[in-house]
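Participant: My questions are about this predicted structure, shown below with the sequence.
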Amino acid sequence: MLEAHSISKSFGSFKALQEVSLMVPKQSVFGLLGPNGAGKTTLIRIINQITMPDSGHVLLDGEPLRPDHIRYIGYLPEERGLYKTMKVGEQVIYLAQLKGLSKSDAKAQLKYWFDRLDIGHWWDKKVQELSKGMAQKIQFVVTVLHRPKLLIFDEPFSGFDPINAQLIREEILNLRDQGATVIFSTHRMESVEEMCDHIALMNKSKKILDGNLMDIKRAYQSNVFRVGIKSADKAGTWKILEEQFGATPVVFKSIHEEVQCKLQLPDGHGPNDLFAQLSKFGEISHFVQEVPTANDIFIQSIHQNEAIL
Amino acid sequence: MNHLGLILVREYLNKVRNKSFIIMTFMSPLLMVGVIGLVTYLSNLNNDNERHIKVLDQSGYFGHLFEDQDQITFELLDTIDLEQAKAITESAQDYGLLFIPKVKNIADLSRAIYFYSEDSPSIVVMTQIERIVQQQANTLALNQAGIDAQAIGDLYFDVRPQLETFKGQETSKLGSGLKLIFGGAAGYLLFMFIIIYGNMIMRSVIEEKTSRIIEVIISSVRPIELLLGKIFGTTLAGITQFAVWVILVGVLGTVMSQVLGVEMQTGSQVAMEQGAALAQTNDLPAQILMEIFQLPMTNLVVMFFLFFIGGYLLYASLYAAIGAAVDSETDTQQFMIPIIMPLIIAVYVGVFTVIEDPHGTVSQVFSFIPLTSPVVMLMRIPFGVPLWEQIVSVVLLFTTFIGTVWFAAKIYRVGILMYGKKPSYKELLKWLKY
């Protein structure tokens, strides 16, 4: 759907992006992750043709970006707002017209979304009369009104209250199911991790990792298990576990009285072997493989990345 | 993609529907006409009171010359002594007492005449009295010296050179005055228009930045489209406002002068009297009309529009660039100076230099520099400027306009996405390379 090939961009002597390449598959939810200042927003602005790259190029459906491609893109910037003194309906229609929709088309779409989000009575209100949460809903409608093929959200949930965030999350997934491709950019990885199929990690103007989220997690899985065992002789069990498996203590929430530890799966054994061995000490109440979060992977890969440098 | 039209319409409607804009549009002429009306009314009120002046003429030469006028009445006192006359005048609460003593020699009169009054007398009254006495005293003095005053009056020379250009076009000092008025009005109009609506454009750019909508817009349209849409939309709103002002001032002015009587025209009557003196003819309106027809009208109108549009757009794009560079109106100060300075210089050059020497070096140079040329050239054109000079100036102006729009669009493109810090000139230059 969207391909970026070795994009570089500098502002004066500051390098915002260095040789960044991306592949965003069709109808996926793509997470562009990284700390503040990694270059995510610059990359997104380049995709939106707000700024031009110094080198590299972007392909949308295999074609180099053209000015009229903007109508296929819906963009919710991090710095967002609306004309305060303009009426809601008028404003949304105006913004949709700028995206290339006809007036009647925009009106029909707006009716659909207003009904869907149950905000039809806001039509004639001025934006300055709305609360922040209400304005954010309008902002979302503005982003999706022209039925874009590619949706780009920069820090989508910052400032959304949990109820609106959930609502928007569902709407986004719904749009994905209808065929849209979604790009999320955020530094709060936990907020979008559950929605993403693919991710790219950026740090200090470079991409350091990308691919299918599950593949990445698999690659980064460490065969560490969290285990809880209900044992009569806690001290004795703990000692054996420590000596035989190199267990380290860990605390997790549980309704049971148990020995809680983290174990490395011994080489050449499967989880079932481990389970069988452990069950000798008592009833196993907890047996979970530790799956790295995007955040873990991120921290780990940054360390690796910086170790190479 | 016809974004420009969409943006233009939105900007226009947004301005025109704005409450403070509407209030400004309708209140300004009301205020203006109201203030003028009030001042006129008040000065009429003041003029209405009649002034009685008692005259004690012991010399016997002057008494018969004091005739009652509109607001001054004279009363000759019989030959009583000065102290009595003073007492009578004071008790009658008259405006004052003019005392002309008996002198042997007319020459002694110059310092011997007294005017007694409650407070310092009005200059207008004193001037009239002085004129009457002086004239008579002059005549008397001449007669005493054995010279016929009448003969001198007949021999008095009145020099009025007839003005004509080499091409045989007759002009006059009245014509020069008219040219000044034409040029001055055009230049001043442009100056006002730039200041008022340039600021409006700047504020509207800043508004988009502070409301954070700019990035949404800019992901749909090119910055230059937004920039031009803003400038044209605001300009149309400005023209609308100006039109309403002209119409309202016209209507209200007429109504006001009807209500207050003809006094509203006092000012213009004075001007006309002066003009009449210059033109040495009583058929003044015809004279003025003739002079107007002699002005290079087509040239004037065409050039007025070209310079007005070019000059206004030039400054408007600079204003927009400033708006894009800053976060709030308070930060605009440091960037305003380079805009306001050339404007003020242009007006000063126009007012002082062009009047004195419309085709001198200074006027000529400033009518080529694009930032000052609209105002200065508009003031020069009524005096006749060679066509090539006008064309060069217009071409320079529009070339510069394209340059500034490019510059403004660059600043705009970078600036609208920059938040938080106030840029320096150095940083603005750096933005050009982004």
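Facilitator: Received it, and whenever you're ready, just let me know what you need. Residues are numbered from 1 along each chain as shown, chains lettered A, B, ... in the order given.
Participant: quick one, phi psi at the closest residue to chain A within the stretch 301-434 of chain B?
Facilitator: For the stretch 301-434 of chain B and chain A, the shortest gap (Cβ to the nearest Cβ) falls at B:Lys430, measuring 5.5 Å. (Each C-beta comes from the backbone N, C-alpha and C, glycine too.) The phi and psi torsions at B:Lys430 (degrees, to the nearest 10) take the values phi -60, psi -40.
Participant: Apart from its neighbours in sequence, what residue is nearest the closest residue to chain A within chain B?
Facilitator: Of all residues in chain B, the one sitting closest to chain A is B:Arg212 (3.1 Å; Cβ to the nearest Cβ). Nearest residue to B:Arg212, sequence neighbours excluded (Cβ to Cβ, 6 or more residues apart in numbering or on different chains): A:Gly81, at 3.1 Å.
Participant: With A:Val250 instead?
Facilitator: Spatially, and ignoring its direct neighbours in sequence, A:Val250 is nearest to A:Lys262 (4.5 Å; Cβ to Cβ, 6+ apart).
Participant: ok, residues contacting the helix or strand harbouring that neighbour?
Facilitator: A:Lys262 belongs to strand A:259-264 when elements are defined using DSSP states H and E. Contact with strand A:259-264 is made by A:222-229, A:231, A:234, A:237-238, A:241, A:245-252, A:254, A:274, A:278, A:281, A:286, A:290, as judged by Cβ atoms under 8 Å, 6 or more residues apart in numbering or on different chains.
Participant: what does chain B put close to chain A?
Facilitator: Neighbours of chain A within chain B, by Cβ under 8 Å from any Cβ of the partner chain: B:1, B:3, B:6-7, B:10, B:14, B:18, B:207-208, B:211-222, B:413, B:417, B:419, B:430, B:433-434.
Participant: mind giving me the domain ranges of chain B?
Facilitator: Under the assignment automatic domain parsing, the domains of chain B span B:50-155, B:185-240+B:290-431.
Participant: A:Ile73 and chain B, how far apart?
Facilitator: Distance of A:Ile73 to chain B, given as Cβ to the nearest Cβ, to the nearest Å: 7 Å.
Participant: ok, that residue touching A:Asn48?
Facilitator: Yes - with contact defined as Cβ atoms under 8 Å, A:Ile73 counts as touching A:Asn48 (6.3 Å).
Participant: Show the backbone phi and psi for A:Ser185.
Facilitator: phi -120, psi 130.
Participant: In this structure it contacts A:Gly39, no?
Facilitator: No - with contact defined as Cβ under 8 Å, A:Ser185 does not count as touching A:Gly39 (10.1 Å).
Participant: Pull the distance from the lengthiest strand in chain B to the chain's centre.
Facilitator: The residue-count maximum for a strand in chain B (DSSP state E) belongs to strand B:51-57. Relative to its chain's centre, strand B:51-57 lies at 41 Å (Cα atoms, centre = their mean, to the nearest Å).
Participant: who does that strand pair up with?
Facilitator: Note on strand B:51-57: by DSSP bridges, its sheet partners are strand B:72-76 (parallel), strand B:96-100 (parallel).
Participant: Now these in a markdown table, please, with extra columns for distance to A:Gln300, mean pLDDT and mean neighbour count.
Facilitator: Shown next, in a markdown table, are the strands paired with strand B:51-57 (distance: least, Cβ to Cβ, whole Å; pLDDT from 0 to 100; neighbours: other Cβ atoms under 10 Å in any protein chain shown):
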| stretch | distance to A:Gln300 | mean pLDDT | mean neighbour count |
| --- | --- | --- | --- |
| strand B:72-76 | 104 | 81 | 16 |
| strand B:96-100 | 105 | 85 | 23 |
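Participant: Residue of chain A closest to chain B, please.
Facilitator: Per Cβ to the nearest Cβ, A:Gly81 is where chain A lies closest to chain B, at 3.1 Å.
Participant: That residue - how many residues pack around it?
Facilitator: Taking other Cβ atoms under 10 Å in any protein chain shown as the criterion, the count of residues near A:Gly81 is 18.
Participant: how about it, what does it touch?
Facilitator: Here A:Gly81 is in contact with A:Ala135, A:Gln139, B:Ser211, B:Arg212, B:Ile213, B:Val216 (Cβ under 8 Å, 6+ apart).
Participant: again, but for B:Phe66
Facilitator: Neighbouring residues of B:Phe66 by Cβ under 8 Å, 6+ apart: B:Ile53, B:Val55, B:Phe74, B:Leu76, B:Ile132.
Participant: so A:Lys149 touches A:Ala180, yeah?
Facilitator: Yes - counting by Cβ under 8 Å, A:Ala180 is a contact partner of A:Lys149 at 6.1 Å.
Participant: Give me the more crowded residue out of the two.
Facilitator: The neighbour comparison of A:Lys149 against A:Ala180 (other Cβ under 10 Å) goes to A:Ala180, with 22 against 18.
Participant: Tell me the pLDDT of that one.
Facilitator: pLDDT for A:Ala180: 93.
Participant: close enough to count as contact, it and A:Leu150?
Facilitator: Yes - between A:Ala180 and A:Leu150 there is a contact under Cβ under 8 Å: 7.1 Å.
Participant: which outside residues touch the one helix or strand B:Ile7 maps to?
Facilitator: Element membership for B:Ile7, per DSSP H and E: helix B:3-17. Applying Cβ under 8 Å, 6+ apart, the external contacts of helix B:3-17 come out as A:83, A:85-86, A:94, A:97-98, B:21-22, B:200, B:204, B:220-222, B:225-226, B:228-230, B:232-234, B:236-237, B:240.
Participant: Off-centre distance for it?
Facilitator: 33 Å.
Participant: buried stuff in it?
Facilitator: Within helix B:3-17, the residues that count as buried by 16 or more other Cβ atoms under 10 Å in any protein chain shown are B:His3, B:Leu4, B:Leu6, B:Ile7, B:Leu8, B:Arg10, B:Glu11, B:Tyr12, B:Asn14, B:Lys15.
Participant: swap in stretch A:243-260?
Facilitator: Per 16+ other Cβ under 10 Å, stretch A:243-260 contains these buried residues: A:Phe245, A:Ala247, A:Glu258, A:Val259, A:Gln260.
Participant: where does the stretch 251-400 of chain B dip in pLDDT?
Facilitator: Along the stretch 251-400 of chain B, the parts satisfying pLDDT under 70 run over B:260-295.
Participant: any chance you could map the helices in it?
Facilitator: Taking DSSP state H, counting those that start in this stretch, the helices of the stretch 251-400 of chain B run over residues B:266-279, B:284-294, B:297-325, B:333-348, B:355-356, B:361-366, B:373-380, B:387-415.
Participant: Burial-wise, tell me which of the ones you listed comes out on top.
Facilitator: Scoring these by mean neighbour count under mean count of other Cβ atoms under 10 Å in any protein chain shown gives helix B:373-380 as the most buried, with a mean of 30.
Participant: Run the chain-centre distance for that helix.
Facilitator: Helix B:373-380 has its C-alpha centroid displaced from the chain centroid by 15 Å (Cα atoms, centre = their mean).
Participant: now do stretch B:360-367
Facilitator: Centre-to-centre, stretch B:360-367 and its host chain are 22 Å apart (Cα atoms, centre = their mean).
Participant: Take it, keep the C-alpha atoms, and write them as PDB.
Facilitator: This file holds the C-alpha atoms of stretch B:360-367, laid out as PDB (Å, rounded to 0.1, in the frame of the first residue of the first chain):
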ATOM      1  CA  GLY B 360      13.200  65.600  -8.600                       C
ATOM      2  CA  THR B 361      15.800  62.900  -8.000                       C
ATOM      3  CA  VAL B 362      14.400  61.900  -4.600                       C
ATOM      4  CA  SER B 363      10.900  61.600  -5.800                       C
ATOM      5  CA  GLN B 364      12.100  59.700  -8.900                       C
ATOM      6  CA  VAL B 365      14.200  57.200  -7.000                       C
ATOM      7  CA  PHE B 366      11.500  56.500  -4.400                       C
ATOM      8  CA  SER B 367       8.900  56.000  -7.100                       C
END
